[in-house]
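Engineer: One predicted model, sequence on top.
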Amino acid sequence: MQRRTAISYARFSDPKQAEGDSLTRQAEMFCSFCQQHNLTPLKDVFADKGRSGFKGVHLKKGQLGDLLKAAQDGRFERGTVVVVEAWDRLGRLRPDLQTELVKAILLTGVHIGIAKTGAIFQESDFGTDHWLTFSTFAYLAHQESKQKSERIAASCLRKRERAKVNGAAFSGRLPAWLRIVKGQMVTVPERVFAVKRIFQLSAEGYGQARIIRTLGEEGIKPMGRSVNGWGHSYIQLLLTDNRVKGQLVLVDGTVLPNYYPRIIEDDLFNLARKIDNGERDKLGRKSGPRDVKHVNTFQGLLTSALDGEGFFLHKKRDRLMLEGAAGANGRGKSQTFPFDVFEEAILGKLKEINPADVLPWQTDRPSTVDLLRAKLADIRSDIAGLQADLRSGYSKALAAVLRDKEQEEIQIAGELQDELAASVRPAERAWEELPSLVNLIKEHGDEARLRIRSVLRSIIEDARLLLVRRDSYTLAGVQINFQGGAVRHYLVIYRQACSQRARDCRTLDFKRTGQKPLPAVPDLRDPEQARRFALRLQALDLSD
């Protein structure tokens with residue numbers, strides 16, 4: 001029987017278990033299981049440390065979700081065994097949801113090995129005694145976690161009630177600017193200063209990016225979970241945190257005043273919040289709230305070639321515009337371009353591209369996979385022969401050769417796994433959908449845009465946009481960087497119609513012949529090169 005490969009998945013819920021031997025124990029059981037079933041262990045290990053399996057966090061945000069996606073994308077050969085210590089390591093979801101998860105794994109052709117019982121579960125086992133064992137474990141695991149959750153909830157409820165009545169401490173987790181000294185909450189001066197500075201900057205109209213830059217320039221160190229530097233999400237959290245006013249807000253909405261030491265006054269808190277929410281016109285800044293009612297097809301892909309910041313949708317005089325984040329937040333020059341013009345121009349050009357031209361690496365992948373499979377089959381055949389010889393009579397030399405062959409098998413199996421991951425070609429499959437989806441925009445609008453956005457993210461690494469105003473024209477230089485490393489450049493020339501002139505809208509491909517000479521395009525990922533290119537576009541002949 002041909003040897004199969006095995007991959008380990010380990011998980012524990014409580015972060016404190018990281019200090020124990022949970023992962024070590026699960027790794028040892030994985031090795032024993034591989035020896036028991038004559039499996040080749042793959043080098044990749046999927047592990048969720050401190051992620052709960054009760055509410056599916058490990059599936060939504062953890063590596064179990066990555067493992068499932070890898071299996072669905074064909075990264076593992078059929079028959080590969082995902083080995084877990086016990087059924088509850090895959091999760092403690094509600095039994096019907098847990099069954100759906102297991103079914104989703106098995107439908108990819110991957111099997112599930114349970115180290116504690118020594119059993120291997122596959123799709124054909126549904127409806128057998130193996131299924132009965134799994135369903136029992138799933139029910140018991142969920143009930144255990146459910147009871148624990150209910151007890152914790154009841155305990156928290158009692159603590160909340162005591163806090164309401166006499167201000168008793170509700171939680172041991174304190175804000176980053178406080179600590180306990182001799183049983184009392186006291187402030188940490190340097191951290192209080194950092195929080196106050198953030199509120200002051202926000203009240204002055206600074207956006208989050210500019211706040212982070214200023215904190216760095218002033219040498220104010222990050223705190224809390226921002227160990228790798230100040231982050232946008234942490235700044236936003238601070239600006240909405242009622243604890244800076246000394247308040248504790250309970251889950252049921254009850255507000256306990258003066259629970260913590262106050263460090264921010266109400267006037268500063270309210271002003272900073274007001275500015276952060278986009279009400280900037282009273283400070284004389286340009287107001288430009290993001291339009292969240294429409295889908296930006298290029299969300300997360302478009303970046304300004306000049307300042308490195310993104311673009312979002314802004315509605316101006318009943319027309320959707322792409323607007324640069326730096327200009328909208330007062331950190332740079334205003335940059336806008338009609339969204340419908342840009343979308344039609346760029347998607348139209350993408351439809352014309354042959355995927356083989358921008359993803360040239362695809363052609364040689366299948367032959368590499370076939371070569372590795374043949375090599376792995378030969379090694380496994382040699383291993384089977386050596387094992388048969390050893391059963392006939394032990395030989396120290398044969399045992400040494402067998403160990404070397406097994407190590408070679410592990411290496412080749414890992415290479416095959418990597419090659420399978422690279423040869424899945426999700427970009428090519430996604431590209432096949434693009435032309436039909438583009439045609440559906442007029443009929444289905446944002447529904448089609450959401451699907452197109454997903455496709456674009458799978459084939460494009462990022463896109464740099466350079467906007468240049470020239471008299472009545474706006475020029476949009478676009479550099480699209482594909483996942484395979486290829487690059488395409490386009491120039492969208494747009495002039496709005498008025499009583500004295502007609503509308504002008506053209507999209508030029510820098511690679512296409514038969515057009516007027518265009519200036520050589522630099523790498524728009526370099527701001528300095530982008531600035532020089534903008535000057536050349538200013539002198540471009542725009543006549544038809």
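Structural biologist: Everything's here; your move. Since the model is a prediction, treat every value here as computed from it, not as a measurement.

Engineer: quick one: the residue nearest to the spatial centre of the chain from residue 55, how far?
Structural biologist: With distances taken as C-alpha atoms, centre = their mean, residue 61 lies nearest the centre of the chain, 8.9 Å away. From residue 61 across to residue 55, the span is 11 Å (C-beta to C-beta, to the nearest Å). Bear in mind the C-beta positions are built from the backbone N, C-alpha and C, glycine included.

Engineer: One more: residue 259?
Structural biologist: 28 Å.

Engineer: Between the two, which is the more surrounded one?
Structural biologist: residue 259 (19 against 15; other C-beta atoms under 10 Å).

Engineer: Isn't the more buried one up against residue 249?
Structural biologist: No - the criterion here is C-beta atoms under 8 Å, and residue 259 misses it with residue 249 at 9.4 Å.

Engineer: Need the residues touching each of the two.
Structural biologist: By C-beta atoms under 8 Å, 6 or more residues apart in numbering, residue 259 and residue 249 have no common neighbours.

Engineer: Not counting its neighbours along the chain, what's nearest the residue nearest to the centre of the chain?
Structural biologist: residue 51 (7.2 Å; C-beta to C-beta, 6 or more residues apart in numbering).

Engineer: what sits against that neighbour?
Structural biologist: With C-beta under 8 Å, 6+ apart, residue 51 has these contacts: 11, 13, 57-58, 61-62.

Engineer: Shouldn't it be within a helix?
Structural biologist: No - checked against DSSP: H, G, I helix; E, B strand; the rest coil, residue 51 lies outside a helix; its state is coil.

Engineer: Phi first, then psi, for it.
Structural biologist: phi -110, psi 130 (degrees, to the nearest 10).

Engineer: got it, and residue 303?
Structural biologist: Per degrees, to the nearest 10, the backbone of residue 303 is at phi -130, psi 140.

Engineer: mind listing what it touches?
Structural biologist: Neighbouring residues of residue 303 by C-beta under 8 Å, 6+ apart: 309-311, 462-465.

Engineer: Okay, buried residues for the helix or strand where residue 416 lies please.
Structural biologist: Assignment of secondary structure by DSSP states H and E places residue 416 within helix 396-422. For helix 396-422, a neighbour-count test (16 or more other C-beta atoms under 10 Å) marks 398, 401-402, 405-406, 409-410, 412-417, 419-420 as buried.

Engineer: now that helix: how far from the chain's centre is it?
Structural biologist: 33 Å (C-alpha atoms, centre = their mean, to the nearest Å).

Engineer: now do stretch 73-92
Structural biologist: Taking mean C-alpha positions (C-alpha atoms, centre = their mean), stretch 73-92 and its chain are 22 Å apart.

Engineer: Can I get that stretch in CSV, CA atoms only?
Structural biologist: The C-alpha trace of stretch 73-92 is given here as CSV (Å, rounded to 0.1, in the frame of the first residue of the first chain):
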residue,chain,number,x,y,z
ASP,A,73,-7.5,24.9,-3.2
GLY,A,74,-5.9,21.5,-3.8
ARG,A,75,-2.6,22.1,-1.9
PHE,A,76,-2.7,18.6,-0.4
GLU,A,77,-2.8,15.3,-2.3
ARG,A,78,-6.0,13.3,-2.0
GLY,A,79,-5.7,10.9,0.9
THR,A,80,-3.4,13.2,3.0
VAL,A,81,-4.3,12.8,6.7
VAL,A,82,-4.9,15.8,8.9
VAL,A,83,-3.9,14.6,12.3
VAL,A,84,-5.3,16.0,15.6
GLU,A,85,-4.9,14.9,19.2
ALA,A,86,-8.7,14.4,19.7
TRP,A,87,-11.9,15.4,18.0
ASP,A,88,-12.3,18.5,20.1
ARG,A,89,-9.1,20.0,18.8
LEU,A,90,-11.0,20.6,15.5
GLY,A,91,-13.5,22.6,17.6
ARG,A,92,-16.4,22.6,20.0
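
Engineer: Tell me how confident the model is about it, as a mean pLDDT.
Structural biologist: Mean per-residue pLDDT for stretch 73-92: 89.

Engineer: What residues sit buried inside it?
Structural biologist: Quick answer for stretch 73-92 (16+ other C-beta under 10 Å): 74-77, 80-85, 87-92.

Engineer: So for the helix or strand encompassing residue 455, mean pLDDT?
Structural biologist: Assigned by DSSP H and E, residue 455 falls within helix 446-459. Averaging pLDDT along helix 446-459 gives 83.

Engineer: Next: stretch 469-479.
Structural biologist: On average, stretch 469-479 scores 92.

Engineer: contacts for it?
Structural biologist: 305, 337, 342, 345-346, 463-468, 487-496, 501, 504, 521, 523-525, 533-534, 537-538, 540, 542.

Engineer: Next: stretch 521-531.
Structural biologist: Taking C-beta under 8 Å, 6+ apart as the rule, stretch 521-531 contacts 305-308, 464, 466, 477, 479, 481, 489, 510, 532-533.

Engineer: if we go to 10 Å?
Structural biologist: Applying C-beta atoms under 10 Å, 6 or more residues apart in numbering, the set of residues contacting stretch 521-531 from outside is 303-308, 462-466, 477-481, 487-491, 510-511, 532-534, 536.

Engineer: Distance from the chain centre to that stretch, please.
Structural biologist: 27 Å.
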